[in-house]
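**Student:** no sequence for this one, just the structure:
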C-alpha cells in the first residue's frame, strides 16, 4: 500500500506492474485505488501521476461513497458491534499479510496489510458488505421473482444504491433499487423489501389490491416490516 498527500487528503493506492506501455489508474466501488504501471516506471513517476489525477480520484471515491454501507457513529476499532444479516458481531482489527475480512467465531475480523487506520478499516469493511450484498440480494431476488409466475412481467434488474429514506424503490418497468444497508438486516427483511417492490410491477399504487397481492405472496410481511423499521440497529 502506497500513499500520497493531496492538500488535506491522503490517497492510498496499490501498485501492480504490467508489460503495458502506459500507466492506468482505477478507482473501484470500495473506493480503493489501483495503479497498473509499466515495469520501468519508478515510484516517483507513479506518485507524480497519482497527484496529477488526484482531483479525479477523489471525485470517483465520493461518487462510489453513496453506494457503500455506512454505520453511523462508528470508529472502526476492535470491540465495536457491527451487524450482518440480522446478527451482531464484534469487530476485531489486526495487521496481517493480506487485506481481508472474515466472519469467524462470532467476530467480524478485519485484517489490514502492514498498517491500519479507521478510514482504511471502514472502507475495507464497506467493500466486504457491498460484495456480500450483491451476492445475497441477487439470490433472494431470484427466489422472490419465482413467486410471481402467474403475473406477466419480466424479472427486473437489480441495482444497489444508498437512499437516505428508503430501503427499496422501483421504476415499475424494469428495475428495482435496493439500499445496501439492508445486508445488515435478517434475510426475511430483505425478502420482504424485494417482494414489496415486485408487487409494484403488478399494482403500482399502495391500494387495497396491492396489499392483497403482497399478503398472498408473503402472508407474514407485517412482521418483517416491523422488524426492519423498529428493531434493526
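**Tutor:** Happy to help now that I have it. What you see is a predicted model, and the numbers here were worked out from it, not measured in a lab.
**Student:** How much space separates the residue nearest to the spatial centre of the chain from residue 2?
**Tutor:** The centre of the chain sits closest to residue 130, judged by C-alpha atoms, centre = their mean, with a distance of 2.4 Å. Distance, residue 130 to residue 2, using C-beta to C-beta, to the nearest Å: 23 Å. The way it works is simple: take the backbone N, C-alpha and C, and place the C-beta from them, glycine included.
**Student:** Equivalent analysis for residue 182, please.
**Tutor:** Distance from residue 182 to residue 2, by C-beta to C-beta: 34 Å.
**Student:** Buried residues, the helix or strand of the chain with the lowest mean pLDDT. List them.
**Tutor:** Every helix and strand in the chain was compared by mean pLDDT, DSSP states H and E; the lowest is helix 54-65, with a mean of 83. By neighbour count on 16 or more other C-beta atoms under 10 Å, the buried set for helix 54-65 is 54, 57-58, 60-61, 64.
**Student:** Now name the helix or strand holding residue 125.
**Tutor:** helix 118-145 (DSSP states H and E).
**Student:** Walk me through which strands whichever helix or strand comes after that helix pairs with, and which way each runs.
**Tutor:** Moving toward the C-terminus from helix 118-145, the next helix or strand (DSSP H and E) is strand 157-160. Within its sheet, strand 157-160 is paired with strand 175-178 (parallel), according to DSSP bridges.
**Student:** surely residue 101 meets residue 110?
**Tutor:** Yes: under the criterion of C-beta atoms under 8 Å, residue 101 makes contact with residue 110 at 5.2 Å.
**Student:** Who has more neighbours out of those two?
**Tutor:** Neighbour totals were compared for residue 101 and residue 110, and residue 110 leads with 24 against 19 (other C-beta atoms under 10 Å).
**Student:** Show me what the strand or helix carrying the more buried one is packed against.
**Tutor:** Residue 110 belongs to strand 107-113 when assigned by DSSP H and E. Under the contact definition 3 or more C-beta pairs under 8 Å, 6 or more residues apart in numbering; DSSP states H and E, strand 107-113 sits against strand 87-96, strand 100-104, helix 118-145.
**Student:** if I look at the residue sitting furthest away from the middle of the chain, how far off is residue 196?
**Tutor:** Largest separation from the mean C-alpha position in the chain: residue 40, at 35.8 Å (C-alpha atoms, centre = their mean). Counting by C-beta to C-beta, the separation of residue 40 from residue 196 is 56 Å.
**Student:** now the chain, which segments are flagged as low pLDDT?
**Tutor:** For the chain, applying pLDDT under 70 flags the ranges 1, 29-30, 64-73, 165, 230-233.
**Student:** how long is stretch 16-28 from one end to the other?
**Tutor:** 14 Å (C-alpha to C-alpha, to the nearest Å).
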